[in-house]
Every structure is written in structure tokens, then in C-alpha cells.
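1. Sequence and computational prediction follow.
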Amino acid sequence: MSAPSVLFDLPGPKARRRHRIGAVLVIAVAAVFVYIAVRRLADRGQFDGELWSPLFNPGHEDFADVWNFIWLGLQSTLYAAGIAIAGALVIGTVIGSTRILLSTSRTGRLLRIPLVVVMELLRGLPVVITILLTFTFFRYIDFRLDFLPGEELMWYVAVGLILYNSVIIAEILRAGVASLPRGQAEAARAIGLSEGATMRLVLLPQAFRIMLPALISQLVVVLKDTSLGLLIGFHELLWRSNRLAQLYDNPLQALATAGVIYILINYALSRVAVWTESRVSHAAGGRKAAAKTEKATGAITGG
Amino acid sequence: MDPVFDNLDLFWSGFLQTLGFIAWAAVGSLILGTLIAACRVSPVAPARAFGAAYVTLVRNVPLTVVLFFFAFGIPELGINRSFYFFGICSLIVYTAAFVCEALRSGINSVSAGQAEAARAIGLTFTQSLGQVILPQAFRSTIPPLGSVLIAMVKNSAVVGAFGVSGDLFAVYRGLTGAGGLQAFPVLIGVAVGFLIITIPAGITLAVLERKLAIAR
């Protein structure tokens, strides 16, 4: 362990022996579990070539088609996540800074109430419901998004995700601005900048820098949430894997493949977030701000 | 909004069903999450590795994949249960990873100096754990744990959307499919059902957080 734990001291010879016994026990239990699992899988014929080869045998006649099919799904997933995060960043920045600016004047504080109510509603809604609401709302008012480039259904998913995540990003930014030293805003005002210019030129750039790790972590959440698009028939990665599972009757193999793809991408993203964190943690209030975002979003904990 | 008001009794029973579902998942994920957190902070290296692997894998996969794995994959192994059961299982497996991280961050937030001071004044391991470390760990764990549980409530909608019988979403499907009512107003009814749970929970959590805040 890198940091000393508060729970135990550096082990002495006796404790080390106990730990070794514990380690052997854990490995033994794990081995038994793996053995049972593998036996069960083998008994059910889950290691049969016909279930795996469309995915992993380049010699299989469908191999290229299968991976092309998955690749298209991955593209849809990444495309939807990209649009959602870009849109949420822009709108989130606008509503986040509006909310802060409104709190600086008395009339603003009144105007802020409806904004906060809408933000709380969007934050309290499960994101599945936001996506379905978006989809059924556009159908209800009979307005199509098919004039936009790309798959039409993707856009309902993206709009739903933007609605939810712009509020989260607004909160992340607000936490970032709140963590800046007061002197930053005071100095900006002292040299005659207006409230808006203070926000735009002084506070937001610093808040973005501090919040970069949180924003990258949020990308993982958005990427995972695109898979909810299959509820409205958006042909993303999971929809396509599920389709393959039906075609080849191999749900375990097809879903495991999809799972591994998600894990690889999201793990890479979260490593980038950690790396960025180590780069910006010297910035003012970096750690304080990170703690605040954990609280502000809660989304980092959600899917 | 007539479709909602005419079917309030249906919505009510769906709401209760959703609450029951959430209660099972909360208890299950707290237990499993605590076990995994215990692995992650234990002095036994393989146990730590297991905990770390579990968290890394589960956190980076969408809940939908976990759910599909339970619903379509596990029956391939000859284990057949109701979707209700599989739904709760997938929610528990998914949420446990986040519960584990919340607990772990709580334990780690106690500074090592506290434990050293406890030992220095001659407290035994049990005393320092029970009187010094755990009380502080719990205090700083409640806010993140609360957010995890609220997120779990919201995630239960994902499981519902794929078909747990009798819950809020089943009401939505029943009314919009067989009932032939317009989807959008009915969905608003479902949304309100969830907001009734999540918004008061969020407010309670914010109040708790202010009360428990420790200056460090």
C-alpha cells in the first residue's frame, strides 16, 4: 500500500505470518470459485468454438462482418457521448455561471429561484426517464430531429443526456468557482472588471482547470449512459452486441465482449482523469474543489 | 394529464413496488459493498487485489450491461430466476462497487496521526478502532454514501425500464401499450414518482452534511 493505513501498523513477524495465512486462504477460496465457475461453463458447453469463433476466430466466415457491426455500434456510442458532453459543457457553463452571477444581486436572487428549481428537478430525475421523456416529448408534439446529421434516434439520447449532464457540469463548475481564493474576484473587481468579465476572464478559466479531472470522470458516466439508448432503439454498442447474441445464440460471449470494450475505454478515461488530477492538483484549492465536486455531483457515483 | 389522474391507484401500487425494490437493493448493496471495502483495506494482499479488480471492472461497465448479463447470460448456465430477482442482483452488484469506494474514502479520510495518537495514549486496537477511527470515518462517509444511495434509486429506474413487473415502469408500459394512452403524460407520472423519492432524499442529505461537516 502506498499510504500507511490508519487501521493497522507496520506488521511485525507474527502479523506477517497471519497475513500470509490469510493470503493463502483468499487464493484458495478464489481458486475454488473459479474452478466451479469454469466447470459449470464447460458443462453447459460455453467454451464451444461455435459460440466464440464469430468473435475471436479470424478464420470464421462472419468474423469481419461481426466486428464491423460492433465497430459501427462503438462509433455510435462514442459519437453520442461526444455530442452529449460537448453540449452539456456549453449549456452547463452558461447555467452554472448564470446561477453564480444571479446570486450577486437582490433581484437576481429572486430570478435564481426558478433556475434552481429546474436544476433540482433535472438532477433528481433518473437519466433513463430524462431520455424517454425527451423521446416521447418530441413524438408528442410531432417534431422530428431527422434534419440533424447522423442517426435520428441518437439525437434524442444526446438531448436527454445533455439535459441531465449540463446540470451536473454546472454544479461541478460552481464548486470550482467556490473553491477559488476570494482575492481572485476581489482583484478583478478592483481593476474595474464588471461581474460578467470577472466571471469570464478570471474565475471560469481557473475553475475549468481545477475541474478538469471531474469533467473527464463525467465523460465515463456519459459514455455508460449512452447504452440506455437501446430502450428507444438507438443502435449503439450494447444494442448491437445484444443483436449478435441473438443471432449466434451466445449471450455470455457477446455481452462479455461488449463489457470488455466498455471497461477498456472507461478505464483509459479514468486513468487520464487521475493523471490530469496529479497535474492540476498544485493549482489553488485543487483538493478542496475535488472534495466539493464529489458532493456536488454524486453523479460520479451513478450511471 | 388525465391518463395519470384516472389511474392514480395503479401509480400508487407501482410506487410501492419500486420502493420495495429499492429497499432490497439498498440492503444488499450495503452488505456486499462493506465486504468488498473490507477486502480493499485489509492487510492481505490478494484480498486487496480482488477488491480493486471488482471496483475497476464494475465501475467502468454500464449498469445495462450488468443487467443484460444477469438477465440473458446467467440463464445460459441453467440458473433461472425471476427478472425481479435478477434485477435486484444486478443493482446490488453495480451499487456495491460505489458503496465500497464511499466507505474506503471515509476510512482513508481519518488522518494516520489520529490512530498514532490513539496508540500513543495506550488504547488497544479495539479501543482505538471503536472510539477514535470509526466514529470519524462514519461521519465523513455518510455524505458520499448518501449520494451513492440516491444514485442507486435513480438507477433502479434502469432496471424498471427493462421490465420488473408491477413497478412504476410496468405501469407506464401497461398504460401506454395495452392501455393505449399517450406515452408522454404517463411518463411524467412515472417521473414524479421518482422525484418524490429523490428530491426529499437529496434535501435530507444536504442537511445531514451540514450537521456532520468536520473541519480538517
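-> Okay, I see it.
2. From the contact counts, what lies against the host helix or strand of A:L74?
-> For A:L74, the enclosing helix or strand under DSSP states H and E is helix A:63-102. For helix A:63-102, the contact count by 3 or more C-beta pairs under 8 Å, 6 or more residues apart in numbering or on different chains; DSSP states H and E identifies helix A:49-56, helix A:106-124, helix A:152-179, helix A:204-225, helix A:237-248, helix A:251-280 as packing neighbours. In short, each C-beta sits where N, CA and C put it, glycine included.
3. Contacts only, for A:L51.
-> A:L51 makes contacts with A:G45, A:Y248, A:D249, A:N250, A:L252, A:Q253, as judged by C-beta atoms under 8 Å, 6 or more residues apart in numbering or on different chains.
4. How about A:T198?
-> The neighbourhood of A:T198, defined by C-beta under 8 Å, 6+ apart, consists of A:A185, A:A188, A:R189.
5. can you do 10 Å?
-> By C-beta atoms under 10 Å, 6 or more residues apart in numbering or on different chains, the contact set of A:T198 is A:L101, A:T104, A:Q184, A:A185, A:E186, A:A187, A:A188, A:R189, A:I191, A:L204.
6. circling back: go through the helix holding A:L74 and flag the buried ones.
-> A:66-67, A:69-70, A:73-74, A:76-77, A:79-81, A:83-85, A:87-89, A:91-93, A:95-100, A:102 (16 or more other C-beta atoms under 10 Å in any protein chain shown).
7. Quick one: the helices in chain B, in order.
-> With DSSP state H as the definition, chain B shows helices at residue ranges B:2-5, B:8-41, B:45-59, B:63-68, B:83-109, B:112-120, B:125-127, B:134-161, B:168-176, B:183-212.
8. could you check the angle helix B:45-59 makes with the fifth one?
-> Here helix B:83-109 runs at an angle of 120 degrees relative to helix B:45-59 (axes from the mean of the first three to the mean of the last three C-alpha atoms, to 10 degrees).
9. One more: the last one?
-> Using the same axes, to 10 degrees, one finds that helix B:183-212 and helix B:45-59 are set 140 degrees apart in direction.
10. by contact count, what packs against helix B:183-212?
-> Of the remaining helices and strands, those touching helix B:183-212 by 3 or more C-beta pairs under 10 Å, 6 or more residues apart in numbering or on different chains; DSSP states H and E are helix A:106-124, helix A:127-140, helix A:286-297, helix B:2-5, helix B:8-41, helix B:134-161, helix B:168-176.
11. rank those by pLDDT, which is bottom?
-> Looking at the helices and strands packed on helix B:183-212, the lowest mean pLDDT belongs to helix A:286-297 (a mean of 54).
12. Please report how far A:W67 lies from chain B.
-> Distance, A:W67 to chain B, by C-beta to the nearest C-beta, to the nearest Å: 18 Å.
13. okay, now the nearest residue to that residue once chain neighbours are set aside: neighbour count?
-> Closest residue to A:W67 in three dimensions, ignoring its sequence neighbours and counting by C-beta to C-beta, 6 or more residues apart in numbering or on different chains: A:L55, at 7.9 Å. Counted with other C-beta atoms under 10 Å in any protein chain shown, residues neighbouring A:L55 total 20.
14. Distance of A:L55 relative to chain B?
-> When C-beta to the nearest C-beta is the yardstick, A:L55 and chain B sit 14 Å from each other.
15. Look at residue 188 and say how many residues are nearby.
-> Looking at chain A here, since you left the chain open. A:A188: 18 surrounding residues under other C-beta under 10 Å.
16. try again with chain B
-> The tally of other residues near B:I188 (other C-beta under 10 Å) stands at 17.
17. so it sits right up against B:L175, yeah?
-> No. In terms of C-beta atoms under 10 Å, B:I188 does not count as a neighbour of B:L175; the distance is 11.8 Å.
18. contacting residues around B:V164?
-> With contact taken as C-beta under 10 Å, 6+ apart, B:V164 is in contact with B:14, B:17-18, B:21, B:82-88, B:156, B:170.
19. per-residue confidence at it?
-> Taking B:V164 on its own, its pLDDT is 72.
20. residue contacts, residue 54?
-> Picked chain A for this. Listed by C-beta under 10 Å, 6+ apart, the contact set of A:P54 reads A:60-63, A:65-67, A:244, A:247-248, A:250, A:253-254.
21. please go with chain B instead
-> With contact set as C-beta under 10 Å, 6+ apart, B:Y54 has these partners: B:L32, B:L35, B:I36, B:C39, B:R40, B:V93, B:A96, B:A97, B:C100.
22. Out of those, the closest to chain A would be?
-> When the contacts of B:Y54 are compared for distance to chain A (C-beta to the nearest C-beta), B:C39 comes out closest, at 8.3 Å.
23. Run a quick neighbour tally on the closest one.
-> There are 21 residues near B:C39, going by other C-beta under 10 Å.
24. Give the closest residue to it in space, chain neighbours not counted.
-> Leaving aside its sequence neighbours, B:C39 is closest to B:G51 (3.7 Å, by C-beta to C-beta, 6+ apart).
25. so how far is A:F47 from the residue nearest in space to the middle of chain A?
-> Within chain A, the residue whose C-alpha comes closest to the C-alpha centroid is A:V221; the distance, by C-alpha atoms, centre = their mean, is 1.4 Å. Plainly put, A:V221 is 34 Å away from A:F47 if you go by C-beta to C-beta, to the nearest Å.
26. Test my guess that A:A81 contacts A:E236.
-> Yes. Judged on C-beta under 10 Å, A:A81 makes contact with A:E236 at a distance of 9.4 Å.
27. OK, contacts around residue 74?
-> All of this is about chain A. Taking C-beta under 10 Å, 6+ apart as the contact definition, A:L74 lies against A:W67, A:E236, A:L237, A:R240, A:S241, A:A258, A:I261, A:Y262, A:I265.
28. right idea, wrong chain: chain B
-> In this structure, B:I74 makes contact with A:P251, A:L252, B:N80, B:R81, B:F86, B:C89, B:S90, judged by C-beta under 10 Å, 6+ apart.
29. Apart from its chain neighbours, what residue comes closest to residue 201?
-> Since no chain was named, I'll use chain A. Of all residues beyond its chain neighbours, the one nearest A:L201 is A:L193 (6.7 Å), with distances taken as C-beta to C-beta, 6+ apart.
30. actually chain B
-> When the adjacent residues along the chain are set aside, B:A201 lies closest to B:I150, with 5.2 Å between them (C-beta to C-beta, 6+ apart).
31. Residue of the stretch 1-150 of chain A closest to chain B, please.
-> When distances are taken as C-beta to the nearest C-beta, the stretch 1-150 of chain A approaches chain B most closely through A:P126, which lies 3.5 Å from it.
32. close enough to count as contact, that residue and B:G160?
-> Yes. If you go by C-beta under 10 Å, A:P126 and B:G160 touch, sitting 8.7 Å apart.
33. Quickly list what's touching both of these two.
-> Taking C-beta under 10 Å, 6+ apart as the criterion, A:P126 and B:G160 both touch B:V190, B:F194.
34. For burial, what's the neighbour tally of A:G22?
-> The local packing of A:G22 (other C-beta under 10 Å) involves 16 other residues.
35. so it makes contact with B:A47?
-> Yes. Under the criterion of C-beta under 10 Å, A:G22 makes contact with B:A47 at 7.1 Å.
36. mind checking how far stretch A:86-98 is from the chain centre?
-> Averaging C-alpha positions (C-alpha atoms, centre = their mean, to the nearest Å) puts stretch A:86-98 17 Å from its chain's average.
37. And stretch A:260-275, by the same measure?
-> Its chain's C-alpha centre and that of stretch A:260-275 lie 10 Å apart, by C-alpha atoms, centre = their mean.
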